[in-house]
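Peer 1: what's the 3D shape of this:
(2 chains)
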Amino acid sequence: MSPKIFSKSLDLTFSTNDGPVHALKDVNLDINEGDFVSFIGPSGCGKTTFLRVLADLEKPTSGTVQINGVTPTVARESRAYGYVFQAPGLYPWRTIGKNIKLPLEIIGLGKQEQKARVETVLKLVDLLDFEHKFPWQLSGGMQQRASIARALAFDADILLMDEPFGALDEIVRDHLNEQLLDLWKTTSKTICFVTHSIPEAVYLSTKIVVMSPRPGRIIDVIESTLPSERPLDIRESAEFIAIAQRVREGLRSGHSYE
Amino acid sequence: MRSLVSICVVIGALIFIWYLAAFSLNSTWALDKAKRGGLELSSKELIFDTWSQDKPKLPAPHQVGVELWKTTVEKKITSKRSLIFHSWITLSSTLLGFLIGTSLGILLAIGIVHNNAMNMSVMPWAIASQTIPILAIAPMIIVVLNSIGVQGLLPKAIISSYLCFFPVVVGMVKGLRSPDRIDTDLLHTYNATNVQKFWKLRLPTSIPFLFASLKVGISASLVGAIVGELPTGAVRGLGARLLAGSYYGQTIQIWSALIMAAMLAAALVGILALLQKLTLKRMGMT
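Peer 2: The predicted model follows:
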C-alpha cells in the first residue's frame, strides 16, 4: 500500500531580516491511510511548518512531498484535506451553520446538499442546537468544535489539525480529545495533529513524531502500542507511561546540545 | 438621562459664550451710533442694541433662530427665499457627489488591493489630488465641463465627489486588507478564487471601515457642494446664500445658512450612523 502522505529529504528555509531560518531539515516520513499522527516538539521545531507544507500554505525549499500520490498544490486544488487552525477562525458575521457552509459554497454544492451536510457534521461535534448562533455566543471549546465541523463538512479523507486545543483548559481539552478519537474511529480519516502536550499526543495517536528545533527535524517516530479502545483512564496505565517516557526522552535529547 | 443633561449644559454654555461675544463685537458700532446721535446709552439699552442690530458683526443666537424660523417654516418651499429650497439644491448635489465619489473610491480601492501596478501608481495621485485646494480647482471644473455642455447639478456633484472619494479609498484599502492571516489561509485551503475571497471575506471584513469612511465622505461631499456653488455665481443653494449674504453684509443670513449646513451635515452623518448600527447588528458584529 502506498503511503497516504509521503515526505522525502524535505528542507525548508525561510529568509528573514535576521538571515535564513532553517525551519525544516531532511524530514522523511510516511503516513498511512487511517493513521492518527501527532507531531510534538517545542516551539520553533517546525511541526506547524510541516503541516503548512502539507496544506500548500508554505513551499518547501527542496525535497519531495506527496499527498495521495500528488503534490500538495494539486491535493489542495482537489480539496484533499480539511485544515483546523490554532484559533477557531470562524467568520464573525456568519452564524455557526453559515460558517460550516462556507467551504460548501466555495465548492459549489447545491443548497439541499449543503443543508444536509451541515446537519451531519453539527451532529458529529454535538452542536446541533447552535446552528443559528453567532460565534461570539459560543464558548471557546464550542467554537473550536464548530471549526472542526467546518473542516469535516466537505468530507476530505485527510484532516490536518494545528494545535486545535492549545488555547483551551484541561477539562474541555480532555473532553474534546475523547470526542476527536470517536470521530476518527467513525470516519476513519487520516489525521495529522500538532500539539505541545505529551499526554495528548500519546492518548490520541497511532504514531507519534517527535521533533526538535534549530534546525527543525524529526528525532523519533514512535508507533503506539496502545489498543484502539482508549478510555481516559488509560493514561494511568504502565504502557501509556512508558510511551510518554520515550517521547519525553526524545524531546530532551533534542535539547541536550544547546 | 445623564448624557442628556451634559449635552444641554454644553449647548447652554456655547450659547452663553455666543451672547457674550455678540455683545463685545457689536458694542463698538452701537456706541458709535449713539455718540453720533448725541445719545447716552444705559447698559441695558446697550446690551439690547448689540443683540438686535440689522447687520451685526456677530448676530445673536435668537436672531439666527428667528431668521431660520422665518426662512424655513414661514416660507413656501418653492420660494427663492426658503432655506429648505436652498438646502435641497445643495443636498441633491451632495448626494449625487457622494454616490459618485463613494463608487469611485470603492472601485479604486478594489483595484489597489488586487493589482500591484495600481497599488504603486494610484495612491500617490489620490494623495496629491487632496493637496490641491478645492477652491482653486472648482472653477476650472465648472468651466471645463461647461465648455463641453455639462451644466447644472453634475459639475457641482463632481466637485463633491472630488473631496469625497479620498477617505473612501483610504478606508476601503485598509478594510479590504484587514482580514487576518488565518482567515485568508482558510480560503486558500479551500482553493477559493479571488472573486470568492472578495465576496466571502474581504468585503464583509471591510464593512466597519467602509462606514467610518462614508461618515467622513458625506460631510466632505457637503463641503464640496457648498464650495462648488461659490465660484459659479450660483443663485440657488446654501453656497449661494452664503455668497449673497457676504455681498450685502447680511450676516444674519450667512449665519443661518451656516447653521443650516451644519444641521444638514449632522443629519446625514446621523443617518449613516444608524445604517451602520443596523448593518453591523445584522452581521452579528455589534
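Peer 1: Mind pulling up the pLDDT for residue 258?
Peer 2: Assuming you mean chain A. Residue A:258 carries a pLDDT value of 46.
Peer 1: oops, chain B please
Peer 2: According to the prediction, residue B:258 has pLDDT 93.
Peer 1: just residue B:119 next, same as before
Peer 2: Reading off the confidence values, residue B:119 has pLDDT 90.
Peer 1: give the contact list for it.
Peer 2: B:112, B:113 (Cβ atoms under 8 Å, 6 or more residues apart in numbering or on different chains). Quick note: C-beta positions are derived from backbone N, CA and C, even for glycine.
Peer 1: Is it correct that it falls within a helix?
Peer 2: Yes. Counting by DSSP: H, G, I helix; E, B strand; the rest coil, residue B:119 is part of a helix.
Peer 1: which bits of the stretch 1-150 of chain A sit near chain B?
Peer 2: Counting by Cβ under 8 Å from any Cβ of the partner chain, the stretch 1-150 of chain A comes close to chain B at A:55-57, A:76-77, A:79, A:81-83, A:85-87, A:89, A:91-95, A:102-103, A:105-107, A:134-136.
Peer 1: repeat that with 6 Å
Peer 2: In this structure, the stretch 1-150 of chain A approaches chain B at residues A:55, A:57, A:76-77, A:83, A:85, A:87, A:89, A:92-93, A:103, A:106, A:134, judged by Cβ under 6 Å from any Cβ of the partner chain.
Peer 1: most neighbours, which of those residues?
Peer 2: Ranked by the number of neighbours (other Cβ atoms under 10 Å in any protein chain shown), the residues of the stretch 1-150 of chain A next to chain B place residue A:83 first, at 27 neighbours.
Peer 1: so the closest residue to residue B:40 other than its chain neighbours is in which element?
Peer 2: The spatially closest residue to residue B:40, leaving aside those adjacent along the chain, is residue B:34, at 7.2 Å (Cβ to Cβ, 6 or more residues apart in numbering or on different chains). Residue B:34 is part of helix B:2-36 when elements are defined by DSSP states H and E.
Peer 1: Could you list the buried residues of that helix?
Peer 2: Residues of helix B:2-36 classed as buried: B:19, B:22, B:23, B:26, B:27, B:30 (neighbour count, 16 or more other Cβ atoms under 10 Å in any protein chain shown).
Peer 1: Tell me the one of the residues you listed nearest chain A?
Peer 2: Ranked by distance to chain A (Cβ to the nearest Cβ), the buried residues of helix B:2-36 are led by residue B:19 at 49.7 Å.
Peer 1: any idea how far the spatially most central residue of chain A lies from chain B?
Peer 2: When Cα atoms, centre = their mean is applied to chain A, the residue found nearest the centroid is residue A:161 (2.0 Å). Counting by Cβ to the nearest Cβ, to the nearest Å, the gap from residue A:161 to chain B is 12 Å.
Peer 1: can I assume that residue is in contact with residue A:86?
Peer 2: No. Look at residue A:161 against residue A:86 with Cβ atoms under 6 Å: they stay out of range, at 9.5 Å.
Peer 1: Now go through the residues of the stretch 1-150 of chain A next to chain B and say which are in strands.
Peer 2: residue A:83 (DSSP state E).
Peer 1: Reformat the residues of the stretch 1-150 of chain A next to chain B as a markdown table; add pLDDT.
Peer 2: Shown next, in a markdown table, are those (pLDDT from 0 to 100):
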| residue | pLDDT |
| --- | --- |
| A:55 | 93 |
| A:57 | 93 |
| A:76 | 91 |
| A:77 | 91 |
| A:83 | 93 |
| A:85 | 92 |
| A:87 | 90 |
| A:89 | 91 |
| A:92 | 93 |
| A:93 | 94 |
| A:103 | 94 |
| A:106 | 93 |
| A:134 | 94 |
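Peer 1: Export the residues of the stretch 1-150 of chain A next to chain B to CSV and append columns for distance to residue A:117.
Peer 2: Shown next, in CSV, are the residues of the stretch 1-150 of chain A next to chain B (distance: Cβ to Cβ, whole Å):
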residue, distance to residue A:117
A:55, 21
A:57, 24
A:76, 20
A:77, 21
A:83, 17
A:85, 20
A:87, 23
A:89, 19
A:92, 22
A:93, 21
A:103, 10
A:106, 13
A:134, 20
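Peer 1: how about the helices of the chain, start to end?
Peer 2: Reading this off chain A. With helices called from DSSP state H, chain A shows them at A:47-54, A:72-77, A:96-107, A:111-124, A:140-153, A:170-187, A:198-204, A:238-255.
Peer 1: hmm, I had chain B in mind actually
Peer 2: B:2-36, B:43-50, B:61-72, B:83-114, B:116-131, B:134-147, B:153-176, B:181-189, B:194-197, B:203-229, B:238-247, B:251-282.
Peer 1: quick revisit: please name the residues that touch the residue nearest to the centre of chain A.
Peer 2: Residue A:161 sits next to A:84, A:193 when contact means Cβ atoms under 6 Å, 6 or more residues apart in numbering or on different chains.
Peer 1: if we can go back for a sec, what would the helices of chain A look like in TSV with distance to residue B:139?
Peer 2: Output for the helices of chain A, formatted as TSV (distance: least, Cβ to Cβ, whole Å):
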stretch	distance to residue B:139
helix A:47-54	58
helix A:72-77	57
helix A:96-107	51
helix A:111-124	56
helix A:140-153	58
helix A:170-187	68
helix A:198-204	72
helix A:238-255	74
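Peer 1: So which of those helices is nearest residue B:49?
Peer 2: Of all the helices of chain A, helix A:96-107 sits nearest to residue B:49, with 68.9 Å by Cβ to Cβ.
Peer 1: between the helices of chain B, which gets nearest to residue A:143?
Peer 2: With Cβ to Cβ as the measure, helix B:181-189 is the member of those nearest residue A:143 (12.9 Å).
Peer 1: Let me know the pLDDT of residue B:220.
Peer 2: Reported pLDDT for residue B:220: 93.
Peer 1: Next one: the closest residue to it other than its chain neighbours from residue B:91, what distance?
Peer 2: Nearest residue to residue B:220, sequence neighbours excluded (Cβ to Cβ, 6+ apart): residue B:163, at 4.1 Å. Per Cβ to Cβ, to the nearest Å, residue B:163 is found 16 Å from residue B:91.
Peer 1: just checking, the residue nearest to residue B:40 touches residue B:45?
Peer 2: No. Using Cβ under 6 Å, residue B:34 is not in contact with residue B:45, being 8.4 Å away.
Peer 1: which neighbours do these two share?
Peer 2: Contacts common to residue B:34 and residue B:45, judged by Cβ under 6 Å, 6+ apart, are absent.
Peer 1: and the closest residue in space to residue A:211 that isn't next to it in sequence, how many residues sit next to it?
Peer 2: Distances taken as Cβ to Cβ, 6+ apart put residue A:41 closest to residue A:211, at 3.4 Å, once the chain neighbours are dropped. Residue A:41 is flanked by 26 other residues according to other Cβ under 10 Å.
Peer 1: Repeat that for residue A:196.
Peer 2: The local packing of residue A:196 (other Cβ under 10 Å) involves 14 other residues.
Peer 1: again, but for the one 10 residues further on
Peer 2: Around residue A:206 there are 19 other residues, counting by other Cβ under 10 Å.
Peer 1: Which one of residue B:163 and residue B:91 is surrounded by more residues?
Peer 2: Taking neighbours as other Cβ under 10 Å, residue B:163 and residue B:91 compare with residue B:163 leading, 26 against 19.
Peer 1: How about whatever residue of the stretch 151-258 of chain A ends up closest to chain B: what's its closest non-neighbour residue?
Peer 2: Of all residues in the stretch 151-258 of chain A, residue A:154 sits closest to chain B, at 7.9 Å by Cβ to the nearest Cβ. Sequence neighbours aside, residue A:103 is the residue nearest to residue A:154 in space, at 4.9 Å (criterion: Cβ to Cβ, 6+ apart).
Peer 1: For whatever residue of the stretch 101-250 of chain A ends up closest to chain B, list the residues it contacts.
Peer 2: The stretch 101-250 of chain A approaches chain B most closely through residue A:134 (3.8 Å), counting by Cβ to the nearest Cβ. Counting by Cβ under 6 Å, 6+ apart, residue A:134 touches A:95, B:284.
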